[in-house]
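> quick one, structure for this:
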Amino acid sequence: MSRSASAVPAAACAASLLLALALTGCTGASGASGTPGGSGLRDPYFPKAGNGGYDVTHYDLRLRYDPGRNRLTGKAALTARATRDLSAFDLDLKGLDVERVGVEGRRARWNRTGQELTVRPHGSLDKGETFRVTVRYSGTPKTITDPDGSQEGWLRTRDGALALGEPLGSMTWFPGNHHPSDKASYDIAVTVPEGLQAVSNGELTGQATSRGRTTFTWHTAEPMASYVATVAVGRYDIRRTSTGDGLPVYVAVDPARAEESRAVLAKIPEVMEWAENNFGPYPFSSTGAIVDDADGIGYALETQNRPVFPGTPDTETLVHELAHQWYGDSVTPKTWRDMWLNEGFATYAEWLWQEDHGGDTTDEIFKALYQGDYYDDPEENRAIWAFPPARPDKAAHLSDSPVYDRGAMVLHKIRQKAGDDTFYDIVQGWAAAHRHGNADTAEFTAYVEKKAPDKDFGRIWKDWLYGKGKPDRP
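Residues are numbered from 1 along each chain as shown. Predicted coordinates:
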């Protein structure tokens, strides 16, 4: 990042069950043993995000969107594995009306409380068992406001919508286990009025028009956290090219932004080659970008395979979001406390790009930030020291400058201590060791110390990563 009550069809239920169904939805008693999976994973900043008792391995989403009415109709089929014996489990879903829930082909009981959709299957789900849950839903998808004041979720645009999910917005358009620690593959099919396009993650595997509507089908084979899943609906100029080594590049640009975006987007192959030289092999099977005409959104996002930009990006922002494909999308934080592992790396990528392309060196940027004259606004310079990058004081500050700038400064201190050769071994090895997985800050510091056992990084961790205020010396 660069920066309800449900409707239950009464006819389907016996009269003797009406009272119970008012709370739980249709179908009979579950007869399930085991224990409920639990709502929330107790994330330090978003304790209700995600759910316990299972891991999702695949999402199959079938969506139909009418921009004129702002109405979304969906069927979500999740394949998951129980991590303990389950009598019930939760899905995160905010807003929208649930019409029917099934588990393993049988209608299941369910109820709603806030963002929690609690599902009670007919029989217990044993630990290690793979199961499939389907949810049919519809309604007006919500836009939600983050603790930092930015908007996410389902965002209407001039001719369609953008679905953006960091940190919680994806639960406004599909039910799931919405925490970065649970990654899965995806199939996303989106049906829109003919003349509009629907762009998502991964590769376009199908496009068909019938009766005035077009369905676009996208497949993401590599594991993806739900917060970097996206759907963009609107009118786009589509360009399909490839990098020098044959990696597909799929770029979708709002026509209003096409001319002014052409030069910077043409740099994607160059940026990708440069990034692979610095960070190691690209972890996904395609790349690209989505550029919309939606300046009011106010931030770009590292949606997997093709980042979303609400307007024309500059080169440094393009570099930042593409670097996230390694750090954030492939190597994903275990909790939101580890956000600096996303943003510190992506910010340092901007510094490296400038250093390699005739701009300020990383040393010059680091010194200017430490001395307090990097930004024109003195408040921005002071804000860098508001809290340690690995310990944001609240959810509202996860996208503040200590996470970005001071996070990048931690990496520069590691580079100074370890030397260039070892530093690049560290950043490339880190991306390789946790490719398509999750990791936290403690694992990163241990990895650095393992790669450079003859160096003492204690002061860096104490003063720069976890310490309060500005360190006494650079």
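> max-length helix in the chain?
Using DSSP state H, we find that the single longest helix of the chain is helix 340-356.
> give the buried residues for the following helix or strand past that helix.
Remark: after helix 340-356, the chain's next helix or strand is helix 362-371, criterion DSSP states H and E. Under the neighbour-count criterion of 16 or more other Cβ atoms under 10 Å, helix 362-371 has 362, 365-366, 369-370 buried. Every C-beta, even on glycine, is put in place using the N, C-alpha and C of the backbone.
> which SSE is immediately downstream of helix 362-371?
helix 378-383.
> need the residues that contact that following helix.
Residues from elsewhere that reach helix 378-383 (Cβ atoms under 8 Å, 6 or more residues apart in numbering): 369, 372-375, 400-402.
> for stretch 166-174, same thing?
1, 45-46, 49, 59, 61, 63, 72, 74, 76, 92-96, 115, 141-144, 146, 152-154, 163, 176, 178, 180, 226-229, 231, 301, 336, 398.
> could you flag which of those residues are buried?
For the contacts of stretch 166-174, buried by 16+ other Cβ under 10 Å: 1, 45-46, 49, 59, 61, 63, 72, 74, 76, 92-96, 115, 141-142, 144, 146, 152-154, 163, 176, 178, 180, 226-229, 231, 301, 336, 398.
> which members of these are positioned in strands?
Counted as lying in strands by DSSP state E, out of the buried ones among the contacts of stretch 166-174, are 59, 61, 63, 72, 74, 76, 92, 144, 152-154, 163, 231.
> need the max-distance pair from the residues you listed.
59 and 144 (20.1 Å; Cβ to Cβ).
> straight-line length of stretch 106-116, end to end?
End-to-end distance for stretch 106-116, by Cα to Cα, to the nearest Å: 21 Å.
> ditto for stretch 370-379
Stretch 370-379 end-to-end distance (Cα to Cα) = 14 Å.
> that one: how far from the chain's middle?
31 Å (Cα atoms, centre = their mean, to the nearest Å).
> flag every buried residue along that stretch.
370, 374-375.
> now those residues as JSON lines including distance to residue 285 and pLDDT?
As requested, those are exported to JSON lines (distance: Cβ to Cβ, whole Å; pLDDT from 0 to 100):
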{"residue": "370", "distance to residue 285": "40", "pLDDT": "98"}
{"residue": "374", "distance to residue 285": "38", "pLDDT": "98"}
{"residue": "375", "distance to residue 285": "38", "pLDDT": "98"}
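> in JSON lines: the residues you listed, plus distance to residue 199.
Below are the buried residues of stretch 370-379 laid out as JSON lines (distance: Cβ to Cβ, whole Å):
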{"residue": "370", "distance to residue 199": "41"}
{"residue": "374", "distance to residue 199": "36"}
{"residue": "375", "distance to residue 199": "35"}
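> and of those, the nearest to residue 347?
residue 374 (12.1 Å).
> could you pull up the residues touching that closest one?
365, 368, 381, 405.
> quick check: phi and psi at it.
phi -70, psi -50 (degrees, to the nearest 10).
> any idea how far it lies from residue 283?
31 Å (Cβ to Cβ, to the nearest Å).
> what's the farthest-apart pair in the contacts of residue 374?
Maximum distance among those (Cβ to Cβ): 12.7 Å, for 365 and 381.
> against residue 407, how distant is residue 167?
17 Å.
> could you dump the buried residues of helix 362-371 to TSV with distance to residue 126?
Converted to TSV, the buried residues of helix 362-371 look like this (distance: Cβ to Cβ, whole Å):
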residue	distance to residue 126
362	53
365	54
366	54
369	54
370	56
